[in-house]
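Novice: A structural model of the following input is requested.
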Amino acid sequence: MKRKLLIGAGAVAVLLIGYFIVRGNKSGDVTDIITDVKRGPFKVEIETTGELEAKNSVKILGPAQLRDFEIWQVAIQSIVDEGTVVKKGDWVASLDPSEFQNKFNAKQIELEKENAEFVQTQLDTTLLLREARDQLINLKYAVEEKRIVLEQSKFEPPATIKQAEINLERAAREYEQAKENYKIKKRQNAEKMKEQFAELRKVQNENASMTRVLQAFTIIAPEAGMVIYTKGWDGKAIKAGSQIRMWDPTVATLPDLTKMMSKTYVNEVDVRRVLAGQKVEIGLDAYPDKKLAGVVMRVANVGEQRPNSDAKVFEVAVEINGTDPTLRPSMTTSNKIIAKTIDNALFIPLECLHNQSDTITYVFKKDGAKTVKQEIMIGDTNANDAVILGGLTATDHVHLSIPPGLEDDEITLLKEMDGKRKKVQPKEEEQKKETPVAVVPASVSSN
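Specialist: Residues are numbered from 1 along each chain as shown. Here you go, the predicted model:
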């Protein structure tokens, strides 16, 4: 008998608890969950995912001079594993030199040709000037011979003497002309040698430059540090087999791990609320229990479209406060950007909100033993809750979903400045379907 009394008392207690916790609709045949209107601090948070990277880093570059030889991209043959710690001067990567090697071989052939042409011009000049000098000597001898003939003809008739004088004068004039021609030929050949030497030097310098570039196909570390792969225009890591382009010939980076930042993206709807200097709460997927603090460092002025996404997003850089030796580049972060903080606010879960005709937002509020459709005015929202500006008090209780049977009830509207507004009758809205409000949390970001 005692056992039956205990069982009966327990059943009554269960029924009483169920009555107060789980409420039914008007007829009481379906249950619904009730929640309180909360009062307290409210944070307008914009939640995003990001990726760690060093605030400062040294770039490991490929040979940017390839642009001078009309080579615009080159493949990476091999590269050290990401995360490898290297010293200054250690090997990091090797690039594919095949296309450049063809140009280098052609330049060497051109160098040999220019060398041959320079030597040939030098020999031709030597022979030409030698012939001109021999001609000068012969003409000088001819002048001496004519002078001797003139001296020997002083006892000859005047006509013979006159002829000898004319011959001497002609020989002297030819000698003087030959001397002037020799000077011109000498200058002419000197200029020709300068021109040929300039062509040779040009090809020699190009060959020397190409030799240095060819050596640069073996990439070495400019500083000591940990090698981190850089990302290409498509967001994928540049590794063995990838192409690097000469307008940004970065092969990898050596980050400064003492100062880290999280690079994230905020959608175009939320970016207007993100400002430099706002505080950020940061979590790490690799260390779920670790919580970090940061601050928004900069917000991009121009949006972009990320791969596999139709939404436009803006890059946001978040600097992490302090130093943490466990942080590594490329770690995934969860960021909560605190766009606004309200010290004392009324708020309810987003699930409680519904709308009618896209103009009236309302909730199902408990009013004593009954439930009413109450219009409310909402303010800021975050991922979970919405601030209530009017229509509810801190003592009210609301339903998390639509109680069955109350869909067609009239809505109790808010009071306006000039008095109470007319209630909306269900028959006036019979053509307008009543649906839950589609509230997009302000902190949800498209990444």
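
Novice: show me where the stretch 201-350 of the chain has strands.
Specialist: Remark: strands assigned in the stretch 201-350 of the chain by DSSP state E, counting those that start in this stretch are 218-220, 225-226, 228-229, 243-245, 250-255, 260-267, 279-284, 291-299, 304-305, 312-320, 332-349.

Novice: with respect to Asn207, which of those lies nearest?
Specialist: Closest approach to Asn207 among these is made by strand 218-220 (18.9 Å; Cβ to Cβ). For glycine as for every other residue, the C-beta is placed from the backbone atoms N, C-alpha and C.

Novice: buried sites along that closest one?
Specialist: Ile219 (16 or more other Cβ atoms under 10 Å).

Novice: roughly how far is that strand from the heart of the chain?
Specialist: On the basis of Cα atoms, centre = their mean, to the nearest Å, strand 218-220 sits 24 Å off its chain's mean C-alpha point.

Novice: and for that strand, what are the contacting residues?
Specialist: Strand 218-220 has contacts (Cβ atoms under 8 Å, 6 or more residues apart in numbering) with Ile60, Leu61, Gly62, Gly89, Asp90, Trp91, Val92, Ala93, Ser94, Leu95, Val251.

Novice: is the fourth one located within a strand, as I assumed?
Specialist: No. With the criterion set as DSSP: H, G, I helix; E, B strand; the rest coil, the secondary structure at Gly89 is coil rather than a strand.

Novice: so what's the residue count around the nearest residue to Arg67 once chain neighbours are set aside?
Specialist: Nearest residue to Arg67 in three dimensions, chain neighbours excluded: Met246, at 4.7 Å (Cβ to Cβ, 6 or more residues apart in numbering). By other Cβ atoms under 10 Å, 18 other residues sit near Met246.

Novice: one step back: out of the contacts of strand 218-220, which end up buried?
Specialist: Here, 16+ other Cβ under 10 Å leaves Ile60, Leu61, Gly62, Val92, Ala93, Leu95, Val251 buried among these.

Novice: and the pLDDT at the residue nearest to the spatial centre of the chain?
Specialist: Centroid check for the chain by Cα atoms, centre = their mean gives Trp233 as the closest residue, at 7.0 Å. Note on Trp233: pLDDT of 72.

Novice: Pro349 now?
Specialist: For Pro349, the predicted pLDDT is 93.

Novice: ok, it to Ile33 distance?
Specialist: 10 Å (Cβ to Cβ, to the nearest Å).

Novice: and what of Arg187?
Specialist: Where Ile33 is concerned, Arg187 sits at a distance of 106 Å (Cβ to Cβ).

Novice: pull the contacting residues for Glu151.
Specialist: Applying Cβ under 8 Å, 6+ apart, no residues qualify as near Glu151.

Novice: confirm it sits in a helix?
Specialist: Yes. Judged by three-state DSSP, Glu151 forms part of a helix.

Novice: low-confidence ranges in the stretch 301-447 of the chain?
Specialist: 415-447 (pLDDT under 70).

Novice: rerun that using 90 as the cut-off
Specialist: Along the stretch 301-447 of the chain, the model assigns pLDDT under 90 to residues 303-312, 322-330, 339-341, 343, 355-360, 366-371, 373, 380-384, 391, 400-447.

Novice: three-state assignment of Ala394?
Specialist: Quick answer, by three-state DSSP: Ala394 is coil.

Novice: can you list the domain ranges for the chain.
Specialist: With domains defined by automatic domain parsing, the chain comprises 24-43+341-436, 59-96+219-255, 101-215.

Novice: between these, which one is nearest to Val274?
Specialist: domain 24-43+341-436 (13.9 Å).

Novice: average pLDDT for stretch 80-92?
Specialist: 90.

Novice: which residues in the chain form helices?
Specialist: 2-21, 98-152, 158-215 (DSSP state H).

Novice: for these, give me a markdown table that also has mean pLDDT.
Specialist: Shown next, in a markdown table, are those (pLDDT from 0 to 100):
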| stretch | mean pLDDT |
| --- | --- |
| helix 2-21 | 53 |
| helix 98-152 | 89 |
| helix 158-215 | 89 |
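
Novice: relative to Ala369, which of the ones you listed is closest?
Specialist: helix 2-21 (11.0 Å).

Novice: just to revisit the earlier point, just list the residues touching the residue nearest to the centre of the chain, thanks.
Specialist: Contacts of Trp233 by Cβ under 8 Å, 6+ apart: none found.

Novice: for it, grab phi and psi.
Specialist: Phi and psi for Trp233, reported as degrees, to the nearest 10, are phi -60, psi -20.

Novice: what about it, distance to Phe118?
Specialist: 46 Å.

Novice: what about Val269, neighbour count?
Specialist: Around Val269 there are 15 residues (other Cβ under 10 Å).

Novice: do you know how far it is from Ser334?
Specialist: Noted for Val269: a distance of 19 Å to Ser334, by Cβ to Cβ.

Novice: mind saving the C-alpha coords of stretch 348-359 as PDB?
Specialist: Output in PDB follows, covering the C-alpha atoms of stretch 348-359 (Å, rounded to 0.1, in the frame of the first residue of the first chain):
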ATOM      1  CA  ILE A 348      15.400  36.700 -27.000                       C
ATOM      2  CA  PRO A 349      16.500  33.900 -29.300                       C
ATOM      3  CA  LEU A 350      16.200  34.400 -33.000                       C
ATOM      4  CA  GLU A 351      14.000  31.300 -33.200                       C
ATOM      5  CA  CYS A 352      11.200  33.200 -31.400                       C
ATOM      6  CA  LEU A 353      10.900  35.700 -34.200                       C
ATOM      7  CA  HIS A 354       8.200  35.500 -36.900                       C
ATOM      8  CA  ASN A 355       6.900  38.000 -39.400                       C
ATOM      9  CA  GLN A 356       3.700  38.800 -41.300                       C
ATOM     10  CA  SER A 357       3.500  40.600 -44.600                       C
ATOM     11  CA  ASP A 358       7.200  41.400 -44.300                       C
ATOM     12  CA  THR A 359       6.300  44.400 -42.200                       C
END
